[in-house]
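In: let's see this in three dimensions:
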Amino acid sequence: MKLDVMAAPYSLIVFDFDGTLVDTLDDIAYHANKVLSDFGYPVQPLKSVRAGIGWGVHELLKSLAPGFGDDEKKLEKAVLQFKEAYRSEPVLQTSPFSNVKEVLSGSLSKVKKAVVTNKPQDITIQILDKLDLSKYFEMVVGMHAGFPAKPDPAALNHVMEKMGFGQDKTIYVGDSHVDGEVSLAAGVDFAWVNYGYHAPEGIIPTYEFSDAREWEDLVR
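Out: I've put the predicted structure just below:
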């Protein structure tokens, strides 16, 4: 649904990853709860994992077990364990959201596309490869690629610079408040997908989408 009738057509669409392109919740919960159990913390329900997704692994584990915030060495060990396990089995139940692949290969095939995420870059690329989605994106920038985490706009600004498009021709598509914040910080329009993991919490998007098929509004 278009909320700003004056929005211009876009030449570059930049996507968040978890909760926007791909439903990774079950696999993140599986690996996070294995770490919690191994470190003596109680496992957490999906709703708690969902609430912690979007700010990186460190913040996720601290949100699930506050005790990690009191012991930096233990937290770093837990983060390393999570990443190693996730890298070894990143796609157990993970899949693209409905109609994502069809739209990327169809109505959005002629527009430039990129991914900017707080997920580790190597795991993001690994999942994209396994789901046969990598071919749709010119750039993928995740954590540990030399940029601070969202909502800092550095990674998004880097993508716009490298792709050769300005703020008026770029839109960021995401499912959370942090995605709205990075859009504001970079000076680009924001499209919120309401089927994802979070609400934008006071940030008014240019578009609100309930299905990937509605993304074609961005190139009409």
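
In: so what secondary structure elements neighbour the lengthiest strand in the chain?
Out: Scanning the chain for the strand with the most residues, using DSSP state E, yields strand 112-120. In terms of contacts (3 or more CB pairs under 8 Å, 6 or more residues apart in numbering; DSSP states H and E), strand 112-120 is packed against strand 12-15, helix 121-130, strand 139-143, helix 154-163. C-betas here are computed from N, CA, C, even on glycine.

In: could I get the average pLDDT for it?
Out: Strand 112-120 shows a mean pLDDT of 96.

In: what do you get for stretch 198-210?
Out: On average, stretch 198-210 scores 94.

In: may I see the buried residues of it?
Out: Buried residues in stretch 198-210, defined by neighbour count with 16 or more other CB atoms under 10 Å: 198, 200, 203, 205-209.

In: cool, stretch 125-138 as well?
Out: Buried residues in stretch 125-138, counted by 16+ other CB under 10 Å: 125-128, 131, 133, 136-137.

In: span of that stretch from start to end?
Out: With CA to CA, to the nearest Å as the measure, stretch 125-138 spans 12 Å from end to end.

In: for that stretch, what is the distance to the chain centroid?
Out: In terms of CA atoms, centre = their mean, to the nearest Å, the centre of stretch 125-138 is set 14 Å apart from its chain centre.

In: closest to residue 166 out of the buried residues of stretch 198-210?
Out: Residue 166 lies nearest to residue 206 out of the buried residues of stretch 198-210, by CB to CB, at 15.9 Å.

In: correct me if wrong: that closest one contacts residue 188.
Out: No. Using CB atoms under 8 Å, residue 206 is not in contact with residue 188, being 9.2 Å away.

In: overlap of the contact sets of the two?
Out: When contacts are counted by CB atoms under 8 Å, 6 or more residues apart in numbering, residue 206 and residue 188 are jointly contacted by residue 171.

In: the inter-axis angle of the longest strand of the chain versus helix 154-163?
Out: Per axes from the mean of the first three to the mean of the last three CA atoms, to 10 degrees, the angle that strand 112-120 makes with helix 154-163 is 150 degrees.

In: in the sheet, which strands lie alongside strand 112-120, parallel or antiparallel?
Out: Sheet neighbours of strand 112-120, with direction, are listed as strand 12-15 (parallel), strand 139-143 (parallel) (DSSP bridges).
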